[in-house]
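J.: fold the following, please.
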Amino acid sequence: MNAHIITIFPEVFEAFKDFGIFRIASEKSLFSLYIHNLRDFTKDRHKTTDDRPYGGGAGMVMLAEPISKAFSYIDKNFVKTFKVLITPQGETFNQKLAQFLSLKDSIAFLPAHYEGVDERISGLVDMELSVGDYVLSGGELPCLIVLDALLRLVPGVLGNITSASEESFSKNLLEYPHYTRPREFVNESIADVLISGNHEDVRKWRLKESLKRTLIKRPDLIKSRSFTEEEKKLLKEIFDEIEETAKEILK
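T.: Down below sits the predicted model:
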């Protein structure tokens, strides 16, 4: 996968290139990161990338022309890219979109800044993405979040091929709880099944805990999921246990 970043803060991305999953994917020759300084595509001596909005109002707006030139440069000198604008007005990023983007060979990201970009840029991009309903000072950190999430799904990047498929949200379920040594900690012990050596029992326990955790913490995910017969059976067990606990409490 090739990723192109068009930004006025290239240092932000340079700082991450040699760390974590970005370094791992790069060392495996599965990922190349190209950072393009938007100021290099300006035409004035001040390298202006923004201007006051027509009609007045607070803040500045990113100019359309430098952005358009940057996109054209990437398409001409590399391969045609799938273009993503990182903006608060975009579709909310999730695991499904991460999976979709991870299949792209080449992506160009434009992190929005100030009051946003000239609206005419929307016709040049293939997707607009947001990482949530809150305000940040710019799109650089959200861009890194998106890149991190989709790189985990590129085949070969993670050492364990099952890691990505078992993580939270990969199947519209939160991940089951994890434990390590010691077996007992602050008077709480792990479930016996985890040290039983029975892989099938461990698998069922993890699936049940995953369903239970999702039901309690993110019921919205449960509602949008189709269940296997095994999962339906486990859900019934969970509901029966909850009901029994409620009866005990109300005695």
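J.: got the residue ranges for the helices in the chain?
T.: Using DSSP state H, the helices found in the chain span residues 10-14, 20-27, 64-77, 95-102, 140-151, 163-166, 199-217, 219-223, 229-249.
J.: Ile86 - how many residues pack around it?
T.: Counted with other Cβ atoms under 10 Å, residues neighbouring Ile86 total 29. Yep, even glycine has a C-beta here, placed from its N, CA and C like the rest.
J.: neighbours around the residue nearest to it when sequence neighbours are not counted, how many?
T.: Distance criterion Cβ to Cβ, 6 or more residues apart in numbering; nearest residue to Ile86, sequence neighbours excluded, is Gly139 at 3.7 Å. Other residues within reach of Gly139, judged by other Cβ under 10 Å, total 27.
J.: quick revisit: relative to Val117, which of the helices of the chain is closest?
T.: For the helices of the chain, the distance to Val117 is smallest for helix 64-77, at 6.6 Å, taking Cβ to Cβ.
J.: buried residues of that closest one, list them for me.
T.: Of the residues in helix 64-77, Ala64, Pro66, Ile67, Ser68, Lys69, Ala70, Phe71, Ile74 count as buried by neighbour count, 16 or more other Cβ atoms under 10 Å.
J.: repeat that for stretch 24-32.
T.: Going through stretch 24-32 with 16+ other Cβ under 10 Å, the ones that come out buried are Ile24, Ala25, Ser26, Phe31.
J.: now swap in stretch 8-21 and tell me
T.: By 16+ other Cβ under 10 Å, the buried positions in stretch 8-21 come out as Ile8, Phe9, Pro10, Val12, Phe13, Phe16, Ile21.
J.: and that stretch, end to end?
T.: Its start and end residues considered, stretch 8-21 measures 23 Å (Cα to Cα, to the nearest Å).
J.: okay, the longest strand that the chain contains in CSV with CA atoms only?
T.: In the chain, with assignment by DSSP state E, the single longest strand is strand 82-92. Included here for strand 82-92 are C-alpha records, laid out as CSV according to Å, rounded to 0.1, in the frame of the first residue of the first chain:
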residue,chain,number,x,y,z
PHE,A,82,-8.1,7.1,-4.0
LYS,A,83,-8.5,10.5,-2.5
VAL,A,84,-9.7,11.0,1.1
LEU,A,85,-10.5,14.3,2.8
ILE,A,86,-10.2,14.3,6.6
THR,A,87,-12.9,16.6,7.8
PRO,A,88,-15.5,16.9,10.7
GLN,A,89,-18.2,16.8,8.0
GLY,A,90,-17.2,13.4,6.7
GLU,A,91,-18.6,9.9,7.3
THR,A,92,-17.7,8.6,10.7
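J.: pull up the pairing partners for it, direction included.
T.: If you go by DSSP bridges, strand 82-92 pairs up with strand 106-111 (parallel), strand 127-130 (parallel).
J.: what mean pLDDT would you report for the last one?
T.: In other words, strand 127-130. Per-residue pLDDT values across strand 127-130 average out to 97.
J.: in that strand, what counts as buried?
T.: Along strand 127-130, these residues count as buried under the neighbour rule (16+ other Cβ under 10 Å): Glu128, Leu129, Ser130.
J.: can you name the residues in contact with that strand?
T.: Where contact means Cβ atoms under 8 Å, 6 or more residues apart in numbering, the residues beyond strand 127-130 that reach it are 82-93, 97, 122, 142, 146.
J.: out of those, which comes closest to Tyr54?
T.: Distance to Tyr54, by Cβ to Cβ, is smallest for Ser122 among the contacts of strand 127-130, at 16.1 Å.
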